[in-house]
Structures are given as structure tokens and as C-alpha cells.
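**Student:** Let's see this in three dimensions:
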Amino acid sequence: MTDAKLIKARASAEKAQRELEAAESAEAERVAQVAAERDAREIEYAHRITASWRAEEEANRDAENAARARFYELVAEEPWFEAFAKYRAHRFKRGHILTAAQDAQNRLGETATIPENRIYDATIMDDVINAAEQRANEIAAAFADELDAKREAFVSGGEA
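**Tutor:** A predicted model of the protein is given here:
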């Protein structure tokens, strides 16, 4: 290469380097600006949440109470529930019978021979409860995903 070509190539390289540095600087400024805007939206979103959580929790509690009431209504209508309640009632009735007999023995001054009532848990309900808890966790996880998506949309510049 001749000196003129070398000088021209160096000048072109220096110019390209300056342009690259300027572009990188502009990009860094843009990234910083986007990050600052995102941070500001994140703060605004946090303010919105702290201002609105009580009303949202109250609405959630009302919905929970309504769902519980509806659940009890529906369960009470089920024949299996009535049968289960009667089964459990007999177990409690046994306690009343034994208590009355113990009281009678005490009143008569007799030696206590009546056994204490023991109520055992019914494991069938554990299965129902476990199934309900699993489904409830799935519903709550979907809600948490919705909250996260809402927050991310807002922080990313969308509206929540």
C-alpha cells in the first residue's frame, strides 16, 4: 500500500471508529433512558398497588365469603354430604350417651366403668380437602401470573 492509501484507510478507520463510538453512546443513552422510564413506571405502579390493595383485598374477601356460602349451599344439597353428616352425628351422639351414663354412675356413686368417648377423624374428607387445596393453589397461581403480567405490562410502558 502506498502512504496515501494507508493515510486514507487510517482516516476512514478513525471516522468509522468515531461513528461507532457515537452510535454506541447514543445506544447507551437510549438504554439508560428506557431503564429510567421503566423505573419511574415501576415506582408509579408500586404507588398504585399500595393505594388500592385494601379495596382489592376487601373485594377478594367478599368474593371468598360468597364462594364459601355457595359451596356450603351446594354441598348441603348433595346426598353423600347428608349421609356423611348423619354418620358423623352418630359419632357425636355416642359421646352424649356416654356422658349421660357417666353422669348417672357418678350420681349413684358407682365406680366409673363407662369408657371415654373417642372421636376419630374421617379420612375421606382429607382426600376432598387435598383435592380442593390443589385446585385452589392452581387458581391462585393463575391469579399471581395475571398480577405479574399486569405489572410487567405497566412497567414496560403498557397500561395496567
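**Student:** Now do the longest helix seen in the chain, average pLDDT.
**Tutor:** Determined from DSSP state H, the single longest helix within the chain is helix 3-77. Averaging pLDDT along helix 3-77 yields 93.
**Student:** Which elements pack onto it?
**Tutor:** Judged by 3 or more Cβ pairs under 8 Å, 6 or more residues apart in numbering; DSSP states H and E, the packing partners of helix 3-77 are helix 124-155. No exception for glycine: its C-beta is placed from N, CA and C like everyone else's.
**Student:** what's the angle between the longest helix of the chain and helix 124-155?
**Tutor:** 150 degrees (axes from the mean of the first three to the mean of the last three Cα atoms, to 10 degrees).
**Student:** Glu73: how many residues sit nearby?
**Tutor:** Glu73: 9 surrounding residues under other Cβ atoms under 10 Å.
**Student:** Can you give me the distance of it to Ala67?
**Tutor:** Note on Glu73: its distance to Ala67, by Cβ to Cβ, to the nearest Å, is 11 Å.
**Student:** swap in Gln33?
**Tutor:** Taking Cβ to Cβ, one finds Gln33 at 46 Å from Ala67.
**Student:** What of Arg88?
**Tutor:** 24 Å.
**Student:** Pick out whichever of the two has more residues nearby.
**Tutor:** Arg88 (13 against 10).
**Student:** distance of the most centrally placed residue in the chain from Gln105?
**Tutor:** The geometric centre of the chain, computed from its C-alpha atoms, lies nearest to Ala140 (Cα atoms, centre = their mean), at 4.1 Å. Between Ala140 and Gln105 the computed distance is 52 Å (Cβ to Cβ).
**Student:** same check, this time on Trp53
**Tutor:** With Cβ to Cβ as the criterion, Trp53 and Gln105 are 59 Å apart.
**Student:** Equivalent analysis for Thr99, please.
**Tutor:** Separation of Thr99 from Gln105 (Cβ to Cβ) stands at 11 Å.
**Student:** And Lys8, by the same measure?
**Tutor:** For Lys8, the distance to Gln105 - Cβ to Cβ - is 118 Å.
**Student:** same thing with Thr123?
**Tutor:** 33 Å.
**Student:** Glu58 now?
**Tutor:** Counting by Cβ to Cβ - Glu58 and Gln105 are separated by 54 Å.
**Student:** How about Ala9?
**Tutor:** 115 Å.
**Student:** who has more neighbours, these two?
**Tutor:** Gln105 (14 against 11).
**Student:** Look at the more buried one and tell me its secondary structure.
**Tutor:** helix (DSSP: H, G, I helix; E, B strand; the rest coil).
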